[in-house]
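[1] model this:
(2 chains)
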Amino acid sequence: MKLRAILIMTVYAILVAMTSLWMAKQSYSWFPPEAAAEAKLLDDLFSLFTGLGTFIYLGVIGPFLYSLVFHRASKYDMSDGPPIEGNTWLEIVWTAVPLVLVLTLSFVSYRTYEKMAVRGPMELVHLHMPQMMQPAYAEPFDSKPQQEIQNAVETAPIEQIDVTAKQWAWIFHYPERDITSTELHLPVDRRVRFTLRSQDVLHGFYIPAFRLKQDVVPNHEIDFELTPVKTGTYRLRDSMFSGTYFAANQADVVVQPFNEYQQWLADAAAGLPTPAFNQAAFEYSRANEREGATKDKVAIRGWDTIPPASPPVVNYAPKHEPDSPPA
Amino acid sequence: MTNISIEAPEAVRGQPYPGAPDNWKRFFTFSTDHKVIGIQYIVTSFFFFLIGGTLSMVMRGELITPDADLVDRTVYNALFTMHGSIMLFMWTFPVLVGLGNYLVPLMIGARDMAFPRLNAVSFWMVPVVGILMLASFLVPGGPSQSGWWAYPPVSLQNPTGNLLNGQVLWILAVAISGVSSIMGGVNFVTTIFKMRSPGMTWFRTPAFVWSVLAAQLIQLYGLPALTGGAIMLLLDLTIGTSFFTPERGGNPILYQHFFWFYSHPAVYVMILPAFGMFSEILPVHARKPLFGYRVIAASSILITVVSGLVWVHHMFASATPSWMRILFMVTSMLVAIPSGIKVFGWVATIWGGKIRFTTPMLFALGGISNWLFAGITGIFLASVPIDIHVNNTYFVVGHFHYVLYGAIVMGIYAGIYHWFPKMTGRMYYEGLGKLHFALTYLGTALTFLPMHPLGLMGMPRRVASYDLEFAYWNVIASIGGFLLGLSTLPFILNMVSSWIRGEKVGNNPWRAYGLEWLTSSPPTVENFEETPLVVSGPYGYGRNQPLVGNIPNPGLTEFPESLTQQQTS
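    This is a model prediction of the structure:
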C-alpha cells in the first residue's frame, strides 16, 4: 500500500515536472516579438517563473483535487475525520521550501535586472557601464542578450533621444540633428538612451516589444536606456493613466538598420516642420463640432475634459494614422 | 423535519435596550446590536456591489470592441474610477466589516462589540460615503476620472473649474470612509483583546478572529497615511497648496507613497478575513480539525507585519531608485511564505476528511483554488524585471481581480452561506446555491484569466480603446463579465426567498464547533444566556470533547437525531 502511494506520487511528480517544462517553453509565445536585448532577458526570466509557478500550482492542486474526489463523506456517514491537528516536520518543510524558493527567485530576478542595466531614474550620472556586465558569473541563462547589450555599448556611441510626453502626444527629439518626430525611429543593435520629460502629468513610456517601461514625471528628467536588436515596427503606449485621451496616446516605433536610420534622419532634417496628426486633438475637435457630428458619435455623451495640447509641429510625422502590424 | 429538538430556551427575543424593534424594521434603525449592524453592513454593501458590478459591465460592453464607441472617453474614465472606488470602499471593506461585526463577538463569547455606539456610528458613515460617491455623477464635470488611485497631477486637473467637482466629492468620501474604518479598527482590536470569554486563550481563539485582528491592526497603522494623503490632495485641489503639484514645486511621487503605504496592506485587510472564513468553513464541512491551526493563526499576524513593508512594488516603474526596487522585491516575495503556510494547511485539512460539497464548502474550495493561482501570479509581479513589463497592464488587472473576486468575493459568499442559518435560523436553498457557485466560478475564470495574456501582450489597463490584436481575449473577458453579472441573480433569489420561507433548521445545522453555534439562531440580543466558559480549543472534530464547561454543548459531543439528518434528505 505504501509502495503504491510512493509510486503514484512519483508518477504524478514526473507528470507535473513535464507539464511545467512544457509551460515554461510555451510562455515565450505569450509575448510580442523580442525586439530588444532586454526583452530576451525578461522572457527567459518569465519562463523560469512560469515553470516553477506551474510546478507549485499543480503540486498543490493535485492533492487538493485528489481529496475532493476520494475523501468525500458518504451520504449517511455522520462521523468525523481523523483528528489530526498538525505535523511539525511538514510545517517546517512547507515554510522552508517556499522561503528558499522566493529568495532564489529574488536573486535570479536581481541578476536579470543587473544584466538589463536598466537605469534607476535617480542615477543621473552618465556612466558607461561595461563594468556592470560580469561575464565571470555563472549564468543561469543563455548569455547572448547580455553580450548584445555589451557589444552595443562598446562598439558605438550611445544614441541620445529626447522624449517629451504631454496630454496626449509623444514627441521625439534627436539632438544630434536637431529634428523632431512623432514616430520613434531607432537604429538596430545600438544602445539608445532616452531622456524622458513630461510637460503636464505622469505618463508611462512603454514599448511592449522591448518589455521595458518607465513612468515619466513632470519636472524630472529621467534617463532610460535600451538596446533594440530586431528591425520592425512596434508600438509605444502610454502606460500611466494620463487623463481623457490616455488610450489614444500611442506612437509607432520603427527599428531599422543603421544606414536606413541615418537616411531617415537626413530626410527628416530636410523636412519642414508641419503639424502632425494627433488622435486626441482629432477626437476632441470632432466631439465639439456642432453640426454633422451625430454620426460616429458614441452612445453616451461625456463630460468636460482638459483640452488636448495642440498637435505637435515636427519635422517628421507618419503620413498615416498610427498602425503597427499585430504582434 | 419539524421537530427541532434543541431546547435552547426560546429566550427574550425582544430588544431590551439597544432600542430597535424585533422585526425587519430593526435593520433600518440606529441599533447598537452588533448583529443588526453586521447585517446592515452586509446588505448595504451588497447594494453597492450591484452598482459597482453594473458599472463594470458597461466597461466590458465598451471593451468588447477595440474602438471607443459605446461611451465617451470621459465616461469610460469615470466608470473605471467609480467601479474601483465603489467595489473597494463600498463593497469589499464594508461587507467584511459586516461579517466580522456579526461573527467576532459571537465567536469569542462576548455580548457585543466593545463600543456599540461607535460601531453604529461607523456603520452610518458608510451610506454617507455611498451617497457622496453616487452624487458625484450629478455634479458638473461628472465624477472623478483619475482612477481609484487618484494620482496627481491628473487628479488635480479640474476641467470645469468648479470648486464642487467629482474629485472633491471622491476625496471627501474616501476620507470619511477612512475615519469610519479607523473607528471600526479601534472597536475590533479592543473587542478581540478585551472581551474574549474566560478560558479563551489566544490559541483557543478561532482563526477567523485572528485574521480579523490582523486585518484591523493594518487599518490602524495604515489608514492614517492614506487619510493624510487624501487631505493634502484635497488642499492642493481646493485652496492651491503645493504638496503634489509639480508646477508649483510639489512632488507627485510623494502621493504615491502615501497612497500605497496604506493601499497595498489594504489588500490584506480584505483577504485576511476571507482567509479566516476559509479556515472556519473547511474544518466544518470536511469534519477535521484545521491543520496547523496555531501556525495559520500566527501567519495572519506575520502578514500584518510583512505587508507594511511592501508598498513600493506598486511603484517599480515610477521614479524609484534601483536599491528600492530590489529591497521591495525581496520583501514582497516574502509575503508568499505566510500565504503559502495557509494554503498548505487548508489542503492538509481536507486531506483524509469527510468532505461534503455544501454551497459554502464549494465557495471556500473555489476561493482557495483561485487564491493559489493569484498568489503565484503575485510572485511574478514582485519580480522587478517582470513587473517593469507588466506593470499597469491587464496582467495586473487579472491578478488583482483573481484576488478580489476569485478569492475574496468567493470567501464572502462562502461566509454568507455558511452563517446564513445562524443569522436567520433558516437554511438557504442548496440547488440555487450550487447554481450560483457554478456561474461565479466559471464567470471568474472567463473574465479574469484572459486578462493575463492581454497584459503580457502589452495592453495597458484603463484604456477605453485598444489595438486590434487584443480583441480576441477581450471578447471572452466581456462575455465572462456579463456572466458574473448574471450569477448574482440566483444568489439574490436564494437569500430573499430562504430568509422569508426557508426551512427552519435549529441552532447548529452544520454540527459545527464554535461558540456562535451554541446560542440560538438568530441569536438573542446579548448573544448568550450565560457567558460561556471555554475549556478547549476550536476545531475539536473527531475528538468528542466539549467546547465549553458551563452550558450544554448540543451538537458537539452528542448529536440529537434531528441534527444528524442531512438537509438533502
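[2] Spit out the contact partners of the residue nearest the centre of chain A.
    Nearest to the centroid of the C-alpha atoms of chain A, with distances taken as CA atoms, centre = their mean, sits A:Arg211, at 2.9 Å. A:Arg211 makes contact with A:31, A:36, A:38-39, A:42-43, B:385, B:388-389, according to CB atoms under 8 Å, 6 or more residues apart in numbering or on different chains. No exception for glycine: its C-beta is placed from N, CA and C like everyone else's.
[3] would you turn those into JSON lines with secondary structure and distance to A:Pro82?
    Shown next, in JSON lines, are these (DSSP: H, G, I helix; E, B strand; the rest coil; distance: CB to CB, whole Å):
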{"residue": "A:Phe31", "secondary structure": "coil", "distance to A:Pro82": "47"}
{"residue": "A:Ala36", "secondary structure": "strand", "distance to A:Pro82": "56"}
{"residue": "A:Glu38", "secondary structure": "helix", "distance to A:Pro82": "53"}
{"residue": "A:Ala39", "secondary structure": "helix", "distance to A:Pro82": "52"}
{"residue": "A:Leu42", "secondary structure": "helix", "distance to A:Pro82": "47"}
{"residue": "A:Asp43", "secondary structure": "helix", "distance to A:Pro82": "47"}
{"residue": "B:Pro385", "secondary structure": "helix", "distance to A:Pro82": "46"}
{"residue": "B:Ile388", "secondary structure": "helix", "distance to A:Pro82": "48"}
{"residue": "B:His389", "secondary structure": "helix", "distance to A:Pro82": "47"}
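[4] interface residues of the stretch 51-200 of chain B facing chain A?
    Contact residues, the stretch 51-200 of chain B versus chain A (CB under 8 Å from any CB of the partner chain): B:68-75, B:77-78, B:140-142, B:145-147, B:151, B:153-154, B:157, B:159-160.
[5] Next, see if stretch B:476-496 gets close to chain A.
    No - judged by CB under 8 Å from any CB, stretch B:476-496 makes no contact with chain A; its nearest approach is 15.3 Å.
[6] which one among the contacts of A:Arg211 gets closest to B:Asp236?
    Ranked by distance to B:Asp236 (CB to CB), these are led by B:Ile388 at 29.1 Å.
[7] Spatially nearest residue to the closest one, not counting backbone neighbours?
    Closest residue in space to B:Ile388, ignoring its immediate chain neighbours: A:Lys213 at 5.3 Å, by CB to CB, 6 or more residues apart in numbering or on different chains.
[8] The one you found - that's part of a helix, no?
    No - counting by DSSP: H, G, I helix; E, B strand; the rest coil, A:Lys213 is located in no helix; its state is strand.
[9] so it touches A:Phe194, yeah?
    No - A:Lys213 is not in contact with A:Phe194 according to CB atoms under 8 Å; the separation is 12.0 Å.
[10] how about the strands in the stretch 1-150 of chain B?
    Counting by DSSP state E, counting those that start in this stretch, the stretch 1-150 of chain B has no strands to list.
[11] hang on, I meant chain A
    Listed in chain order, the strands of chain A (DSSP state E) span A:159-166, A:169-174, A:179-181, A:184-187, A:192-198, A:203-207, A:212-216, A:222-226, A:232-238, A:250-256, A:274-275, A:313-314.
[12] for the record, mean pLDDT for the third one?
    I take that to be strand A:179-181. Mean pLDDT, strand A:179-181: 93.
[13] could you list every residue that touches residue 90?
    Let's take chain A. B:344, B:348.
[14] Chain B, not that one
    B:45, B:48-49, B:51-52, B:126, B:129-130, B:133.
[15] can you do 7 Å?
    Counting by CB atoms under 7 Å, 6 or more residues apart in numbering or on different chains, B:Met90 touches B:45, B:48, B:52, B:129-130, B:133.
[16] any chance of the residues you listed in JSON lines, with neighbour count too?
    Formatted as JSON lines, those follow (neighbours: other CB atoms under 10 Å in any protein chain shown):
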{"residue": "B:Ser45", "neighbour count": "26"}
{"residue": "B:Phe48", "neighbour count": "23"}
{"residue": "B:Gly52", "neighbour count": "23"}
{"residue": "B:Val129", "neighbour count": "25"}
{"residue": "B:Gly130", "neighbour count": "22"}
{"residue": "B:Met133", "neighbour count": "27"}
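[17] Just put those residues in TSV and tack on distance to A:Ala96.
    What follows is the contacts of B:Met90, written out as TSV (distance: CB to CB, whole Å):
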residue	distance to A:Ala96
B:Ser45	40
B:Phe48	43
B:Gly52	41
B:Val129	44
B:Gly130	46
B:Met133	46
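[18] Which of those sits closest to chain A?
    Nearest to chain A among those is B:Met133, at 16.0 Å by CB to the nearest CB.
[19] Excluding sequence neighbours, find me the nearest residue to the closest one.
    Nearest one to B:Met133, counting by CB to CB, 6+ apart, is B:Ala173 at 5.1 Å.
[20] same deal with B:Ile64?
    B:Ile64's closest residue in space is B:Ser478 (CB to CB, 6+ apart), at 4.1 Å.
[21] which phi and psi does the one you found have?
    phi -70, psi -40 (degrees, to the nearest 10).
[22] What is the burial count for it?
    When neighbours are counted by other CB atoms under 10 Å in any protein chain shown, B:Ser478 registers 21.
[23] And for the one 5 residues further on?
    By other CB under 10 Å, the residues close to B:Leu483 number 17.
[24] now do A:Leu3
    Using other CB under 10 Å, A:Leu3 has 7 neighbouring residues.
[25] Okay, buried residues for the longest helix along chain B please.
    Identified as the longest helix of chain B according to DSSP state H is helix B:252-286. When burial is assessed from 16 or more other CB atoms under 10 Å in any protein chain shown, helix B:252-286 yields the following buried residues: B:252-253, B:255-286.
[26] Of these, which are in range of chain A?
    Subset of the buried residues of helix B:252-286 in contact with chain A: B:252-253, B:286, counting by CB under 7 Å from any CB of the partner chain.
[27] Show me the shaky parts of chain A.
    A:1, A:118-143, A:289-301, A:319-327 (pLDDT under 70).
[28] Report the outermost residue of it with respect to its centre.
    Distance from the centre of chain A peaks at A:Tyr76, with 55.4 Å (CA atoms, centre = their mean).
[29] measure that residue to chain B for me?
    A:Tyr76 sits 8 Å away from chain B when distances are taken as CB to the nearest CB, to the nearest Å.
[30] Quick check on that residue: phi, psi?
    Dihedral pair for A:Tyr76: phi -110, psi 10, per degrees, to the nearest 10.
[31] That one and B:Lys354, how far apart?
    With the distance defined as CB to CB, to the nearest Å, A:Tyr76 ends up 11 Å from B:Lys354.
[32] before we move on, the earlier item: want to throw the contacts of A:Arg211 into TSV with neighbour count?
    Conversion of these to TSV gives the following (neighbours: other CB under 10 Å):
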residue	neighbour count
A:Phe31	21
A:Ala36	28
A:Glu38	30
A:Ala39	27
A:Leu42	26
A:Asp43	20
B:Pro385	27
B:Ile388	21
B:His389	26
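[33] A:Ala209: what's it in contact with?
    Per CB under 7 Å, 6+ apart, neighbours of A:Ala209: A:32-33, A:35, A:39, A:234, A:327.
[34] Which two among the residues you listed are spaced furthest apart?
    Farthest apart among those by CB to CB are A:Ala39 and A:Ala327. That separation is 11.7 Å.
[35] Next to chain B, which bits of the stretch 151-300 of chain A? Give me the list.
    Within reach of chain B by CB under 7 Å from any CB, the stretch 151-300 of chain A has these residues: A:200-202, A:204, A:206, A:208, A:211-215, A:217-220, A:222, A:235, A:237, A:239-248, A:298-300.
[36] Just the buried ones from the residues you listed?
    Among those, those scoring as buried are A:200-202, A:204, A:206, A:208, A:211-215, A:217-218, A:220, A:222, A:235, A:237, A:239-248, A:298 (criterion: 16+ other CB under 10 Å).
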